[in-house]
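S.K.: Sequence first, then the predicted structure:
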Amino acid sequence: VIQPLYIPKTAIDGSRMDPPLSSPSDLFVAADGHVYIADTGNHRIVELDAEGNFVRSIGGADGEDGPGLLNEPEGVFVDRGGTIYVANTGGRSVVKFAADGSFLAEFAKPESAWLTEDYHFLPSKLVVDRRGVMYIVVKDTHQGLFRMNPQGEFTGFFGANKTKLSFMDRLQRAVLSREQVARLAPKRPNAIQNISLTDDGFLIVTSSGTVSDGQIRKLNAGGQDAFRNKAFDPQLVDTVTDAQGFLYTVSRERGEIGIYDPSGVPIAFFGAADGTARQLGIAAYPTALDVSGAGDIWLLDGAQNIIHVFGRTSFGETFLKATELHFNGEYEAAKPYWEKVLEMNGMMDAAVSGLGSYEMSRFNYREALAHFAEARDPDGYSAAFWYVRYEWLQNHFTTLVFCAAAAGWGLALLRRRRAAFGRAALPPWLSRRGR
């Protein structure tokens, strides 16, 4: 039996909203637990409380023209002060609202020598850092994130994906001239699909496709990827992090939610997609997800206009806490959690391996070796075996030196005997060696 880390908790279908959700594109859980939804079809932002109850709508302007009127918004972000930023896709702008929902500013395509007339500013997702700098995903572009300062001025592109060259691409570039290469159809990297912001200021960028790797990238202020362009699921549509730095992803094709540790190592996968089913926990067309402070996962289904909420099980709380402590190198603190995990599921290899790491931290290498062998953890086993061997050599060093000295003394004695009494007195094997 495999215990789940998460189970479907509830579904919010918007029946208590007037009008109900229509083709929602994005979802954001704010610091206070309230949930903001980019309700694209209704040209508004919907705010829910932590229990999923309707609070208000923002940007609809009751069908009247005026400041703050939204047009098919596809992205929403709320900073820690409560200021709301909206990727107003249909209006080709970014709209900023105060925490009370009042209109503050609207930023259209800025004037810049780097932005030509044929550059179409269609913002679809965005985040805002602590300085107020906006990082915007612009639809159908390959230059990277569109960076805009708090005054709405363009400050450059950031974090573009890298094109992955096949063997044939490299062969063409080796054989053809520059002019011939220039006439080839350009090979562009995957376009960025989504973006989120970690508590410590890293940008989590999600891309889909196989033209380039790095479907999830964790970018620092200098644009360096902490995951080093590692390959992930090519069908990902969104990636977010929790307060501990663990990553949560959703795949559009399979509807599968993935959990990764802060270094991008997969931990668990669950969930599914079905375009015909209307079932709790089953998405038809996942468009976004986020994680609340309580650890609940909010998954947005843009086709069925439903929000699925997944809650952690007791097993999930214990396992993820153990994993968190283990990742941070707190092996002793993680030990009781791993033991509790094994009480719930005695076949959990990760827990056995975690106990092996605890024994390693206590210098109990033989016990660690046994745990790693049981967990079928080759890396852990190799590390423990090295220390067991090193420990054996240390403990028997004097004996080894004595044996080596005795062997040398014995060989020297035989050689002196040979010199004194001639070859006939020596054993045949030593006589042959001396020839």
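M.R.: On my side now, so go ahead. Numbering: from 1, shown residues only.
S.K.: Only C-alpha atoms from now on, for both contacts and neighbour counts.
M.R.: Fine.
S.K.: tell me, what residue is most central in the protein?
M.R.: In the chain, the residue lying closest to the centroid (C-alpha atoms, centre = their mean) is Leu247, at 4.2 Å.
S.K.: bridging residues for that residue?
M.R.: Residues in a beta bridge with Leu247, per DSSP bridges, are Thr241, Tyr260.
S.K.: Touching, it and Thr241? I think so.
M.R.: Yes: between Leu247 and Thr241 there is a contact under C-alpha atoms under 8 Å: 4.5 Å.
S.K.: Just list the residues touching the nearest residue to Asn149 once chain neighbours are set aside, thanks.
M.R.: Closest residue to Asn149 apart from its sequence neighbours, by C-alpha to C-alpha, 6 or more residues apart in numbering: Val133 at 4.6 Å. Applying C-alpha atoms under 8 Å, 6 or more residues apart in numbering, one finds that Val133 lies in contact with 147-150.
S.K.: In PyMOL, how would I select just the buried ones from those?
M.R.: Applying 16 or more other C-alpha atoms under 10 Å to the contacts of Val133 leaves a buried subset, and the PyMOL line that selects it is:
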select buried, resi 147+148
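S.K.: Make TSV out of the contacts of Val133 and add pLDDT, distance to Leu104 and secondary structure.
M.R.: Below are these laid out as TSV (pLDDT from 0 to 100; distance: C-alpha to C-alpha, whole Å; DSSP: H, G, I helix; E, B strand; the rest coil):
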residue	pLDDT	distance to Leu104	secondary structure
Arg147	97	19	strand
Met148	97	16	strand
Asn149	97	15	coil
Pro150	97	12	coil
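S.K.: what's the average pLDDT for the longest helix anywhere in the chain?
M.R.: If you go by DSSP state H, the chain has its longest helix at helix 397-421. Averaged across helix 397-421, pLDDT comes to 76.
S.K.: Pull out the buried residues from that helix.
M.R.: Arg418.
S.K.: what about that helix, distance to the chain center?
M.R.: From the chain centre to the centre of helix 397-421 is a distance of 62 Å (C-alpha atoms, centre = their mean, to the nearest Å).
S.K.: Likewise for stretch 389-407?
M.R.: Worked out by C-alpha atoms, centre = their mean, stretch 389-407 lies 48 Å from the chain centre.
S.K.: so how far does it reach from one end to the other?
M.R.: 23 Å (C-alpha to C-alpha, to the nearest Å).
S.K.: mind listing the strands for the stretch 301-435 of the chain?
M.R.: 306-312 (DSSP state E, counting those that start in this stretch).
S.K.: Helices along that one, start to end?
M.R.: Counting by DSSP state H, counting those that start in this stretch, one finds helices in the stretch 301-435 of the chain at the ranges 314-327, 331-344, 349-361, 365-375, 378-395, 397-421, 428-434.
S.K.: re earlier: wait, which of the contacts of Val133 is closest to Asp349?
M.R.: Ranked by distance to Asp349 (C-alpha to C-alpha), those are led by Arg147 at 44.2 Å.
S.K.: Could you tell me how far the residue nearest to Asn149 is located from Phe158?
M.R.: For Val133, the distance to Phe158 (C-alpha to C-alpha) stands at 12 Å.
S.K.: Over to Gln193?
M.R.: Using C-alpha to C-alpha, Gln193 is found at 14 Å from Phe158.
S.K.: Would you agree Arg80 is in contact with Gly33?
M.R.: No: look at Arg80 against Gly33 with C-alpha under 8 Å: they stay out of range, at 11.3 Å.
S.K.: More neighbours: these two, which one.
M.R.: Higher neighbour count among Arg80 and Gly33: Gly33, with 17 against 11, using other C-alpha atoms under 10 Å.
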